[in-house]
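Engineer: predicted coordinates and the sequence they were generated for:
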Amino acid sequence: MAQELGRPVIKAFNNIYSQHLLESGRPKGDAGRIALPVAGDDAAAKAVVMGLVNELGFDAVDAGSLDESWRQQPGTAVYGTDLDSAGVREVLASAAPERAAEFSGMPSSPGEQPA
C-alpha cells in the first residue's frame, strides 16, 4: 500500500473508542494510562506516530509490521479495550489469526452473498 500511496502507512487508533480518545488521555506516568498499538513498516514514520500517541496522553506500543497488524483488528483481545502497555503487549503476543464469524463480514459486505 505504501508504494501505491507514495507515503508510509502506519496503523494506529483503530482499537480505541472515539470517546475514550477524547476523554481518557493522561500524563505520562499516570496510573491507568491506556496504551495503543502502532504498526507499520517504516521505523521513522512509526516513531512519529508513536510520539503523537504519547502527546495525546496514551502509551504507544510497537505492534510490529503492517503484516502483523491483524493483531489489533476487530475480534482480537486488544480491540476496543483500555489496557495498559503490559496488557497490550500480552494480548498482541497471544493473538490468533482466526476470527469469529461475526468479524468475517456482514451480508451487505462487498463480495458476500445476500442471506
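Structural biologist: Perfect, I can see it now.
Engineer: what mean pLDDT does the lengthiest strand in the chain get?
Structural biologist: Counting residues, the longest strand in the chain under DSSP state E turns out to be strand 35-40. For strand 35-40, the mean per-residue pLDDT is 97.
Engineer: what residues does it touch?
Structural biologist: For strand 35-40, contacts defined as CB atoms under 8 Å, 6 or more residues apart in numbering pick out 8-13, 15-16, 46, 49-50, 53, 58-66, 68-69, 71-72, 78, 83-85, 87-88, 92. All C-beta spots, glycine's among them, are computed from the backbone N, C-alpha and C.
Engineer: show me which helix runs longest in the chain.
Structural biologist: Using DSSP state H to define each element, the chain has its longest helix at helix 43-55.
Engineer: please enumerate the helices of this protein.
Structural biologist: Ranges of helices in the chain, per DSSP H, are 2-5, 18-23, 43-55, 85-94.
Engineer: what is the mean pLDDT for the second one?
Structural biologist: The predicted model assigns helix 18-23 a mean pLDDT of 92.
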